[in-house]
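**Student:** Sequence first, predicted coordinates after that:
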Amino acid sequence: MTAYIGFYEICAPKKGEFVFVSAASGAVGQLVGQFAKLTGCYVVGSASSDEKVNLLKEKFSFDDAFNYKKEQDLNAALKRCFPEGIDIYFENVGGAMLDAVLLNMRHSGRIAACGMISQYNLEKHEGVHNLLNIITRKLRMEGIFVSDHFSKYRKFEEMVARHLKSGKITYVEDIAEGLESAPTAFCWFVQG
């Protein structure tokens with residue numbers, strides 16, 4: 001539901017737009033990417049391993065993806081993937097990634113801020129230096145609290161069920177057997 005609200009309600013995508021999803025291999029990111037493809041957008045995701053990058057391209061049909069841990073310069077990586085700039089950014093990371101994205105957004109771009117995982121465990125949060133681009137490029141950035149949108153749940157459920165049945169949306173599932181495996185499974189989920 002978070003992916004649905006952030007992508008469709010906040011970002012209002014149009015066919016042919018350029019979409020970037022950070023932490024794209026997570027439960028929300030992989031759905032955002034697939035929603036973007038269903039809309040006719042060009043979509044690129046970032047992930048923390050080559051295995052996750054392959055998953056994005058092969059299983060979820062992202063147009064491109066990169067391992068942000070292997071990139072020396074995030075700005076250069078985004079320019080390589082989006083030579084014409086980014087229309088929609090689905091924010092899951094924050095920090096240096098958000099800073100680089102702000103340099104690569106197109107005029108009137110939209111940013112749905114779902115999370116900022118890079119900042120959660122820091123004693124002192126990293127600053128973002130390129131915020132002036134929100135003004136100069138007329139960007140819109142909005143945070144997502146899915147609980148504000150429960151009235152749209154039925155619409156989300158019908159759309160996703162239809163696309164799951166038709167095979168247009170796919171997913172990866174991890175199953176942990178037994179209550180004793182819950183702490184390990186939870187820690188894996190939180191760390192991605």
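**Tutor:** Here it is on my side, so go on. Residues are numbered from 1 along each chain as shown.
**Student:** check contacts around the residue positioned nearest the centre of the chain.
**Tutor:** Residue closest to the mean C-alpha point of the chain, counted by Cα atoms, centre = their mean, is residue 21 at 3.1 Å. Residue 21 makes contacts with 29, 32-33, 36, 43-46, 62, 89-90, 92, as judged by Cβ atoms under 8 Å, 6 or more residues apart in numbering. Every C-beta, even on glycine, is put in place using the N, C-alpha and C of the backbone.
**Student:** and residue 141, what are its bridge partners?
**Tutor:** Going by DSSP bridges, residue 141 is paired in beta bridges with residue 111.
**Student:** OK, contacts around it?
**Tutor:** Residue 141 sits next to 91, 110-111, 113, 134 when contact means Cβ under 8 Å, 6+ apart.
**Student:** can you tell me which of those residues lies nearest to residue 52?
**Tutor:** Closest approach between the contacts of residue 141 and residue 52, by Cβ to Cβ: residue 91, at 17.8 Å.
**Student:** next one: phi and psi at the closest residue in space to that closest one that isn't next to it in sequence?
**Tutor:** Excluding the flanking residues, the one nearest residue 91 by Cβ to Cβ, 6 or more residues apart in numbering is residue 113, at 4.5 Å. The phi and psi values for residue 113, taken as degrees, to the nearest 10, are phi -90, psi 100.
**Student:** count of residues packed around residue 113?
**Tutor:** Residue 113 is flanked by 17 other residues according to other Cβ atoms under 10 Å.
**Student:** Show me where the protein has its strands.
**Tutor:** Using DSSP state E, the strands assigned to the chain run over residues 18-21, 42-47, 64-67, 86-91, 105-113, 140-143.
**Student:** Show me where the chain has its helices.
**Tutor:** 2-4, 27-39, 50-58, 74-81, 95-104, 132-136, 153-166, 182-191 (DSSP state H).
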